[in-house]
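>>> Any chance you could fold what I've pasted below:
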Amino acid sequence: MKPVKGLLQFATWLMKLSIVFFVFVTFLHTLKTFDLKSIQFYLALAFIIFGALLFIGGFLNKPGITVFSGLMLFFASVYEIIILFSTGVSIELAMYLLIASTSFYFFTAGNKN
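I've put the predicted structure just below:
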């Protein structure tokens, strides 16, 4: 069976929307606490900012914002994976692994469809 290349652009946007949805659902409550002394606050802020920039970067001709956002989301996800790995394998670990791999895809591919 051959791949359906006509749906590649839709799949790319679906990945971007999934990252944005995951980021807002996971980290919005952390931002609402507004605890400036917590590293989790800054990590949540980074996830939300770069998740939004990843989505916005898809509308631009140049891939710079998409690539940089993908890199930053990848690093933030790897940090969460390292922290969660010490507690053992869990669903959260699997979710961050998916976000890390998707972010790495956008870091390497940019806006290319």
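>>> Now for the chain, the helix or strand with the poorest mean pLDDT.
helix 8-33 (a mean of 92; mean pLDDT, DSSP states H and E).
>>> Check which residues of that one are buried.
Residues of helix 8-33 classed as buried: 12, 15, 16, 19, 20, 22, 23, 26, 27, 30 (neighbour count, 16 or more other CB atoms under 10 Å). For glycine as for every other residue, the C-beta is placed from the backbone atoms N, C-alpha and C.
>>> Now do the same contact list for residue 50.
By CB atoms under 8 Å, 6 or more residues apart in numbering, the contact set of residue 50 is 68, 69, 72, 73, 76.
>>> Would you format the residues you listed as a markdown table with neighbour count and secondary structure included?
Listed next are those as a markdown table, based on neighbours: other CB atoms under 10 Å; DSSP: H, G, I helix; E, B strand; the rest coil:
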| residue | neighbour count | secondary structure |
| --- | --- | --- |
| 68 | 17 | helix |
| 69 | 25 | helix |
| 72 | 19 | helix |
| 73 | 26 | helix |
| 76 | 23 | helix |
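>>> any idea which of those is closest to residue 86?
Nearest to residue 86 out of those is residue 76 (CB to CB; 17.2 Å).
>>> So the spatially most distant residue from the centre of the chain versus residue 7, what's the distance?
Distance from the centre of the chain peaks at residue 1, with 30.3 Å (CA atoms, centre = their mean). Residue 1 is 14 Å from residue 7, where distance means CB to CB, to the nearest Å.
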